[in-house]
Each structure stands twice: as C-alpha cells, then as structure tokens.
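>>> pasted the sequence and its predicted model underneath.
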Amino acid sequence: MKKFFLDARELAHPEPLRISLEYLKEMTEDDYFYMLNVRKPIPLLELAKGKGYTLFSHEDKNKNWHIIISKNPQHNLEELLDV
Amino acid sequence: MFNQGGLSLDQAPPISVVLRFFVTASIFGILLGLFLLSQSLNITTLSSYSTQIIAVHTLSLGVMASFMLGALFQMLPVLAGVVIKTPTIKAMMVHGLLSVGVFVQLFAFGISSNSLLFFLASAYLGSALFYAIYLMLKELLKIKTHSSSSKGIIFALLSLIFTVIFGIYLLLTLGGFTNGVDFTQIKEIHYSFALFGWVSLLIVSVSFQVVEMFYVTPSYPTNMSRYLTLTILGLLIFKTILTILDYSTNLLTATIAMLFLVYATVTINRLTQRKRPTADATVWFWLFGMALFILSMTIVVIGSFLTIDSTLQHLSYIAFIGFALSIVFAMVYKIVPFLTWFHLSNQGYMEAPMMHDVIHPKKAKIHFYIHFVTIVIWLLTTDITWLGSLLLTISFGWLFYNLIFAIRKYIYTQKHCEKIEWGV
C-alpha cells in the first residue's frame, strides 16, 4: 500500500490543490493519499468526492487537518490516521 | 482562497463568465487611456468637467465594476460558499447591460444636453447593478455562519446599493428629470459610498481571506477582520445623515481614513511576514497598492483638518486609483492562470497548461513595472499628460494581451489535446 504524502501547511494556494490532483490521478486502487493542511481543503474534498474517491478528514488538537483519500472504498481510512 | 463552510469548485461558474468581464474591463481601460491621450494632445476638446467625469466613470464602472463583478461571480462560491444558479446567462445579462450602460453614460456626459441619454444610462446601469446586487445578496444572506469575508462582501454590496441610488439621482438631475435638490451633498455621498464603501470594503473583505491563503501570512487581527467592515459601513451611513442635514463630516471622514490607514499598515505587515517569501509580481501589486492606499488616506486625513490645495487633492485621487488598480491586477494574475489550469485539468486534459504557462510570472512582472511607472508619472504630474495617458493605455493593453493569450491557450488545449476520464 503506497502512501502519497503532502504536507501543505506552508504551501500557498493553489499549490496544495495542484499537487493533490496530480497524486490522485497517479494513484492506483492500492494506494492512498495523505495530506496535512492548516485548513480543511473543501474544494479538494468536493472534487475527490465528485470523482468517486473515498475520503476521511480529521482535525487534530493543533488545528491541523489530516486528509486521507483513496480510490478503494474497502480501505478503512480512519485506521491510516497518523496523529 | 476557500471558505471553510462548504463549497465546490465544480459549482464555480464556467471560465467564460469571469473572463468576459475581465476582457471588457481591459478594453475599457485601453479606451480610457486613448481618450485621455486624445485630450492631452488636444485631438478632442471636451471641457475639463466633462473630461474628468468621463474618465472617472470609465474607470469606476467600465474598468473597476467589470473587474469586481466578474471576480465576485467567480469567487462567491469559493470565498463564501454560495452558488449563483445558471451563472452564465445571468452574468451575460449583467455584463451586457453594464457595458451598454457605460457607453450610453459616457456619451451623455460628452453631449450634456441630451436628456434621453441620461435617462437610458440610469436605466441600463441601474438594471445591471441592481440585478447583480440582487443575485449576490440573495445568496449571501442565506449563509448561516458568516466569515469575515462573506460579511464584508455584504457590506460592500450594500454600499453599492447606496452608490447606485444616489448615482441614478445625479444622472436624472443632469438629464433635467429632477430639480437637483442637494446635488452637491448627494454627489459627495455618492462618491463616499463608491470609494470608501464599494471599492475599499470589497478589497478589505476579500483580503481577509486571500492574503493569508495566497501568500501564507499570519491572519489579520481578529478584531479587525470581525469589526472593520461593519464599522466603516456604519460610519458611512452616519456621514450620509450628517451630510444631508448639512453638518460637518470632516471628523467622520478622517476616522474612516484612519481606519483604512491601520488596515493598510497591517496588510503590509502581514505580507512582509510571508512564510515563503518569493519574488511574485502579485505580492508587489499588493504592497504597492497598500502603500498608495496609505498615501491617499493620509491626504484625506490631512484634508479633513486643514485646507489643502487642488494638487494634493489630485494626488490623493490618483493614489486611490493606483491602489484599487494594483489590487485588481494582483487578483487577475492569480485568478486567470488558476482558473484556466483548474478547468482544463478538471475536464481531464492531461496536457493542460500549468499556471505559469497560462500567464508566465515574467509577464505579470512586466505589467507591474508598467503599472508602477504609470502611477508614479501620474503622481508626479497630477494632471492629464500624454505620457501618463500613453502608459495607462499600454498597461491595460498588456493586460488585454495576457488575457487573450490565456483564452487562446484554453481553447487550443480543448481543441488539440487528449482528454482522459479520471477518478474511480
């Protein structure tokens, strides 16, 4: 299971969205995408949802958002959470 | 750039909606430059009053309103999470009425005895602007939890309502349809709401979200983002009442200007604390714009307490125009490359041009240099000169070229590049 990781906390708009879309297009059914961001990336989530991906998002106590996206609906994304 | 409360870029309007407004604004800018050039070279010989009023309204309606309404159609879904349904046809109506209205109004100002033109101008412009305000306010007022930006945009649109109402009264007076009671006071109120309310409040509101997002800066102070726009709208309404009652409003004007001074200083401070400082023309536009805002508002404060000569007054107006244009250009150079890339990428074009291929950062830098020299020349001369007018024409011409280049890239990609379906 390959992890595509992006720490977007210090990236200016629209870099996080651009890189995320590249990863999403590249991923296979076995892979997953993990993103850290200072805000919930609603556009990315909506876009991924619209394209049929499975999503999980979580805000940790430091106000960082953990976003996990996979092509495979069988993946338990919550288990992949790294906080 | 994005609201936390729920939005989808899929719900954003087609790229044609925003580009239509931006291209039109650039064309009006070019026409403005050519008009001022012809005046400075005595090719046209309109009176000083007609020249001023034509220039001011070409700039405020043809250029600024086109840019700002186009940007709002695009950004409301992403800034405030609201969606205007069937945006293409609605934006086309606003765009058409506004463009025709601006031309009719300019002819009315040029041929000042024609009552019908004044009536038609107020009808076209009133329809365009009230319809746009209605479309946007209707959706914005449905929001349950407002961000500082969405709240501020509402106040800016309310200011636009006042601007339009008083503007129509002025047009009808010039056309001989009303007797023009309190014409001077109404004109003062019209300008106050247009400049302090509509233009400045909109820029302030949008900046609360985009400065942090685009440039990875610390947030604005909470009290500022929460209360500034409401306070200024309140002061503008209070100023209107005092103006109508014929009381002095100098203290209120100075207070509004001082609040803007604080805002501009904080914005510069935030921009200098960028986590990843890079040489980006859009940051330069923001910094230059804020410096000009400080200059303009400082003169307004001084003018509220002391008698200042017309040169200093012109300096304040030019600095304000420079401020507004700088921020608009900064936004255009962020919005257009992003939208072009995003729409193509989302449509599945694997070879969609990257943002720097749509409008290369070097092109934006060239525009910044042209714009900088243009404003400096205008500030130094504080009058209509052939050089300042020529530079203004070149500035908008360069923007027009960049926009057309982006549109051609978009069309080329759609016609010639391979499209794939992506997703699950």
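Structure received.

>>> which parts of chain A sit against chain B?
Proximity of chain A to chain B is confined to A:10-14, A:17-18, A:21, A:24-25, A:39-43, A:46-47, A:50-53, A:71 under the rule Cβ under 8 Å from any Cβ of the partner chain. Just so you know, the C-beta spots here come from the backbone N, C-alpha and C atoms, and that holds for glycine as well.

>>> so among those, which ones count as buried?
Restricting the residues of chain A next to chain B to buried positions leaves A:11-14, A:17-18, A:21, A:24, A:39-43, A:46-47, A:51, A:53, A:71, with burial counted as 16 or more other Cβ atoms under 10 Å in any protein chain shown.

>>> can you tell me which of the residues of chain A next to chain B are in helices?
A:Leu17, A:Arg18, A:Leu21, A:Leu24, A:Lys25, A:Ile42, A:Pro43, A:Glu46, A:Leu47, A:Gly50 (DSSP state H).

>>> kindly reformat these as JSON lines containing pLDDT.
Rendered in JSON lines, the data for these read as follows (pLDDT from 0 to 100):
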{"residue": "A:Leu17", "pLDDT": "89"}
{"residue": "A:Arg18", "pLDDT": "88"}
{"residue": "A:Leu21", "pLDDT": "89"}
{"residue": "A:Leu24", "pLDDT": "91"}
{"residue": "A:Lys25", "pLDDT": "87"}
{"residue": "A:Ile42", "pLDDT": "78"}
{"residue": "A:Pro43", "pLDDT": "78"}
{"residue": "A:Glu46", "pLDDT": "80"}
{"residue": "A:Leu47", "pLDDT": "82"}
{"residue": "A:Gly50", "pLDDT": "83"}
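
>>> now, which of these sits nearest B:Gly348?
Distances from B:Gly348 to those, taken as Cβ to Cβ, are shortest for A:Lys25 (9.2 Å).

>>> quick check: closest non-adjacent residue to the closest one.
On the basis of Cβ to Cβ, 6 or more residues apart in numbering or on different chains, the spatially nearest residue to A:Lys25 that is not a chain neighbour turns out to be B:Trp422, at 5.1 Å.

>>> equivalent analysis for B:Asp182, please.
Of all residues apart from its sequence neighbours, B:Ile244 sits closest to B:Asp182 (Cβ to Cβ, 6+ apart), at 6.7 Å.

>>> now the worst-scoring helix or strand of chain A on mean pLDDT, how far from the centre of its chain.
For chain A, scoring each helix and strand by mean pLDDT, DSSP states H and E identifies helix A:42-50 as the least confident one, at a mean of 83. When C-alpha coordinates are averaged (Cα atoms, centre = their mean, to the nearest Å), helix A:42-50 and its chain have centres 10 Å apart.

>>> which pLDDT value goes with B:Gln4?
For B:Gln4, the pLDDT comes out at 40.

>>> please apply the same query to B:Thr311.
B:Thr311 carries a pLDDT value of 94.

>>> before we move on, back to that, look at the residue nearest to A:Lys25 and say how many residues are nearby.
15 (other Cβ atoms under 10 Å in any protein chain shown).

>>> then A:Thr54?
The number of residues packed near A:Thr54 is 18, by other Cβ under 10 Å.

>>> got a list of what it touches?
Shown here is A:Thr54, whose contacts under the criterion Cβ atoms under 8 Å, 6 or more residues apart in numbering or on different chains are A:Ile69, A:Ser70, A:Lys71, A:Asn72, A:Pro73, A:His75, A:Leu77.

>>> and with 6 Å instead?
With Cβ atoms under 6 Å, 6 or more residues apart in numbering or on different chains as the criterion, the residues that contact A:Thr54 are A:Ser70, A:Pro73.

>>> ok, what's across the strand from it?
With DSSP bridges applied, the residues forming beta bridges to A:Thr54 are A:Ser70.

>>> separation between it and A:Tyr32?
When Cβ to Cβ, to the nearest Å is the yardstick, A:Thr54 and A:Tyr32 sit 9 Å from each other.

>>> excluding chain neighbours, give the residue nearest to A:Leu80 in space.
Distances taken as Cβ to Cβ, 6+ apart put A:Ile68 closest to A:Leu80, at 5.4 Å, once the chain neighbours are dropped.

>>> so what's the backbone phi/psi at that neighbour?
Note on A:Ile68: backbone dihedrals following degrees, to the nearest 10 are phi -120, psi 130.

>>> count of residues packed around B:Asp357?
Taking other Cβ under 10 Å as the criterion, the count of residues near B:Asp357 is 15.

>>> what residues of whichever strand or helix holds B:Phe396 count as buried?
For B:Phe396, the enclosing helix or strand under DSSP states H and E is helix B:386-416. Of all the residues in helix B:386-416, those buried under the rule 16+ other Cβ under 10 Å are B:388-400, B:402-403, B:405-407, B:409-410, B:413.

>>> which strands or helices does that helix pack on?
Using 3 or more Cβ pairs under 6 Å, 6 or more residues apart in numbering or on different chains; DSSP states H and E as the contact criterion, the secondary-structure elements in contact with helix B:386-416 are helix B:15-40, helix B:310-346, helix B:361-381.

>>> and it, what's its mean pLDDT?
Averaging pLDDT along helix B:386-416 gives 96.

>>> how far off helix B:15-40 does it point, in degrees?
Interaxial angle of helix B:386-416 relative to helix B:15-40 (axes from the mean of the first three to the mean of the last three Cα atoms, to 10 degrees): 160 degrees.
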